[in-house]
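Undergrad: Just the structure for this:
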Amino acid sequence: MGKAKYADVWLVRAGCTQWDQEGRIVGAADLPTCQAGLEAARSAARTLSEEALSAVLCADTEAAQTTGRLIAEACETRLRALNDLGEMGLGLWEGTLACDIEGRCPTIYRQWKNDPSSVIPPEGEAFEDALNRVRDSLGPAIAKYAKAGQGVAIVVGPTVFGIINCWLRKQPPSDLWKIVDQTQSLQRLAVDLGTMTAVQAAGSREDIAAVHGSAGSWQGRENTIPVRHWRR
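TA: Numbers count the residues shown, from 1 in each chain. As a prediction, the model looks like this:
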């Protein structure tokens, strides 16, 4: 068997938007970064400025492209926008305060927070559909742009940031919001290009820690709660 090849993948959350700041559900709405988001994007660019990156891959949204452009300029590398890296569509929930959704349908909202693969918001996108399009787009892109001694930065919105973690680190969808809420907005993963699995994770080259993920992928396991299509 040939020696496994690995690539450094930097996951970067796109700068936040005004809706994020207000506690609104953003979903696939294409919004610009707010001032706080722009400052966070500049900070990420400064952090990555000394890294050897072959490319910066980003979602084709305004916030992701703004963040990605700053990183690409700091690293003097190319920026590539990928259509299928956009946020998971949340349909009629988009633009609504999360607390209002929780107040109107507490059981459904709680189930969605506990396991986003078990609920599809009205006119929204299923978790599995979002996972499949992200994986199908990003897998070949990482393999294409990752080179010896050069990593790849991936700039996406917060939900897809969590989805990519679930995929590469083989964590269940029930971990999605914990990843979104608790993981730093700039994350380094060492990815096995043969299996597209993260084998190490760290915030910097000086602090590399082994991934302690759940055993096996969530796919193929039966959901303990059936998928529910929420309707008003």
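Undergrad: In this protein, spot the helix with the most residues.
TA: Residue-count comparison of every helix in the chain, with assignments taken from DSSP state H, identifies helix 127-145 as the longest.
Undergrad: From Thr107, how far out is the residue nearest the centre of the chain?
TA: With the centre of the chain defined as its mean C-alpha position, the nearest residue by C-alpha atoms, centre = their mean is Phe161, 1.2 Å away. In this structure, Phe161 lies at 27 Å from Thr107, with C-beta to C-beta, to the nearest Å as the measure. The way it works is simple: take the backbone N, C-alpha and C, and place the C-beta from them, glycine included.
Undergrad: and if you look at Leu90?
TA: When Leu90 is compared with Thr107 (using C-beta to C-beta), they lie 18 Å apart.
Undergrad: Could you do Gln184 as well?
TA: Spatial separation of Gln184 from Thr107 under the definition C-beta to C-beta is 32 Å.
Undergrad: Next up, the contacts around Gly162.
TA: For Gly162, the residues meeting the contact criterion (C-beta atoms under 8 Å, 6 or more residues apart in numbering) are 175-177, 179-180, 183.
Undergrad: now that we have those residues, which one has the most neighbours?
TA: Of all the contacts of Gly162, Leu176 has the most neighbours under the rule other C-beta atoms under 10 Å, reaching 25 neighbours.
Undergrad: could you give me the average pLDDT of the helix or strand harbouring it?
TA: Under the assignment given by DSSP states H and E, the secondary-structure element containing Leu176 is helix 176-182. When pLDDT is averaged along helix 176-182, the result is 93.
Undergrad: Tell me where the protein is predicted with low confidence.
TA: 1-4, 200-232 (pLDDT under 70).
Undergrad: that older thread, listing partners with orientation, what would you give for the following helix or strand past the longest helix of the chain?
TA: Moving toward the C-terminus from helix 127-145, the next helix or strand (DSSP H and E) is strand 151-156. Sheet partners assigned to strand 151-156 using DSSP bridges are listed as strand 6-13 (parallel), strand 53-59 (parallel).
Undergrad: now the first one, how far from the centre of its chain.
TA: Yep, that's strand 6-13 we're talking about. Strand 6-13 sits 11 Å away from the centroid of its parent chain (C-alpha atoms, centre = their mean, to the nearest Å).
Undergrad: Next: stretch 45-65.
TA: For stretch 45-65, the distance from its own C-alpha centre to the chain's C-alpha centre is 13 Å (C-alpha atoms, centre = their mean).
Undergrad: That stretch: end-to-end distance?
TA: Using C-alpha to C-alpha, to the nearest Å, one end of stretch 45-65 lies 13 Å from the other.
Undergrad: What residues sit buried inside it?
TA: Taking 16 or more other C-beta atoms under 10 Å as the neighbour-count basis, stretch 45-65 is seen to contain the buried residues 45, 47-48, 51, 53-59, 61, 63-65.
Undergrad: just stretch 119-137 next, same as before
TA: Taking 16+ other C-beta under 10 Å as the basis for neighbour counts, the residues of stretch 119-137 that come out buried are 119-121, 124-127, 130-131, 133-135, 137.
Undergrad: All the strands of this protein, in order from the start?
TA: For the chain, the strands defined by DSSP state E cover 6-13, 53-59, 78-82, 119-120, 151-156, 186-192, 197-204, 207-210, 228-229.
Undergrad: Looking at these, which is nearest to Gln21?
TA: Taking C-beta to C-beta as the measure, these were each checked against Gln21, and strand 6-13 came out nearest at 14.0 Å.
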